[in-house]
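> sequence unknown, structure follows:
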Ligand SMILES: [Zn+2]
Ligand SMILES: [Zn+2]
């Protein structure tokens, strides 16, 4: 069988989702897919074939690994070759020596039918996962997931959940809260300068008129949920709800 024919056979057994591309053919006990070249007895690892097809040949003895933690995934963007570690003869790498991706994904439970990938490791008080890519700095797990998936993440940007589940690390449920820049800018320029306006002097005076306008804009553009807006402005969801539904701050348009 030619390489092209083998690849064609391979892709005919793959179900693509927005994130992982799942191999539906036979798998090894560790869950990675395999395929035969025609009637030859040798089994080829499918994710390895895909990696080599998209990127480069992988030297014998080096593994191709999954960033996403799904061993039967063949999305080339989810595959990587970890740098080869030199291990002294007889020495075994300790658990700390495992690549960060590997340590990360074993702490993720993808079984929920909602599509959320739940972080099962340590969490902070707000329910966000905590992970240490490099000691001693703990990072928010969903930010790590986003950064690995998209390739980069400016530290000042906010990563938000479409699913409103702070423990979720599914990169397809995450998006950049680009409005944060505007809000930080606004806060730095001094919030509460317009305290003589009616809304700002009543019970909802936690907010300035500009904040009310940005909240409504964020909500109407469908980019953010009420919960995320509440977190961003450090107010309750109930307050966001009355603001975006026009039940408070009616004079602000
Ligand atoms: Zn994947
Ligand atoms: Zn989710």
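Yep, it's here. Just so we're clear, the structure is a prediction, and the values are computed from it rather than from any experiment. Ligands and ions are numbered 1, 2, ... in the order given.

> remind me, longest helix of this structure?
If you go by DSSP state H, the chain has its longest helix at helix 209-220.

> wait, does the helix or strand just after that helix make contact with ligand 2?
Once helix 209-220 ends, the next helix or strand along the chain (criterion: DSSP states H and E) is helix 226-233. No: Helix 226-233 lies out of reach of ligand 2 by CB under 5 Å from the ion, never closer than 12.4 Å. Glycine gets a C-beta too; all of them are placed from N, C-alpha and C.

> Contacts for the next helix or strand after helix 226-233 next, please.
Downstream of helix 226-233, the first helix or strand assigned by DSSP H and E is helix 237-244. The contact list for helix 237-244 (CB atoms under 8 Å, 6 or more residues apart in numbering) reads 204, 206-207, 212, 215-216, 219-220, 226-227, 229-230, 233, 247-249.

> let's go with 7 Å and repeat that
204, 212, 215-216, 219, 226-227, 229-230, 248-249 (CB atoms under 7 Å, 6 or more residues apart in numbering).

> Can you tell me which of these is closest to ligand 1?
Distance to ligand 1, by CB to the ion, is smallest for residue 227 among the contacts of helix 237-244, at 27.4 Å.

> Who are the contact partners of that closest one?
Contacts of residue 227 by CB under 7 Å, 6+ apart are 164, 237.

> ok, back up a step: taking helix 226-233 as reference, get the angle to the longest helix of the chain.
Interaxial angle of helix 209-220 relative to helix 226-233 (axes from the mean of the first three to the mean of the last three CA atoms, to 10 degrees): 150 degrees.

> now, which of the contacts of helix 237-244 sits nearest ligand 2?
Nearest to ligand 2 among these, with distances taken as CB to the ion, is residue 227, at 12.5 Å.

> Tell me where the stretch 101-250 of the chain has strands.
Counting by DSSP state E, counting those that start in this stretch, residue ranges of the strands within the stretch 101-250 of the chain are 108-109, 118-119, 130-131, 139-140, 158-161, 174-177.

> can you list the residues of the stretch 1-150 of the chain near ligand 2?
residue 116.

> low pLDDT regions in the stretch 1-150 of the chain?
84-97 (pLDDT under 70).

> about what we covered before: for my notes, please list the contacts of helix 237-244 in JSON lines and give pLDDT and distance to ligand 1 for each entry.
Below are the contacts of helix 237-244 laid out as JSON lines (pLDDT from 0 to 100; distance: CB to the ion, whole Å):
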{"residue": "204", "pLDDT": "44", "distance to ligand 1": "45"}
{"residue": "212", "pLDDT": "82", "distance to ligand 1": "41"}
{"residue": "215", "pLDDT": "83", "distance to ligand 1": "35"}
{"residue": "216", "pLDDT": "85", "distance to ligand 1": "37"}
{"residue": "219", "pLDDT": "84", "distance to ligand 1": "32"}
{"residue": "226", "pLDDT": "86", "distance to ligand 1": "31"}
{"residue": "227", "pLDDT": "86", "distance to ligand 1": "27"}
{"residue": "229", "pLDDT": "83", "distance to ligand 1": "31"}
{"residue": "230", "pLDDT": "82", "distance to ligand 1": "32"}
{"residue": "248", "pLDDT": "72", "distance to ligand 1": "44"}
{"residue": "249", "pLDDT": "72", "distance to ligand 1": "44"}
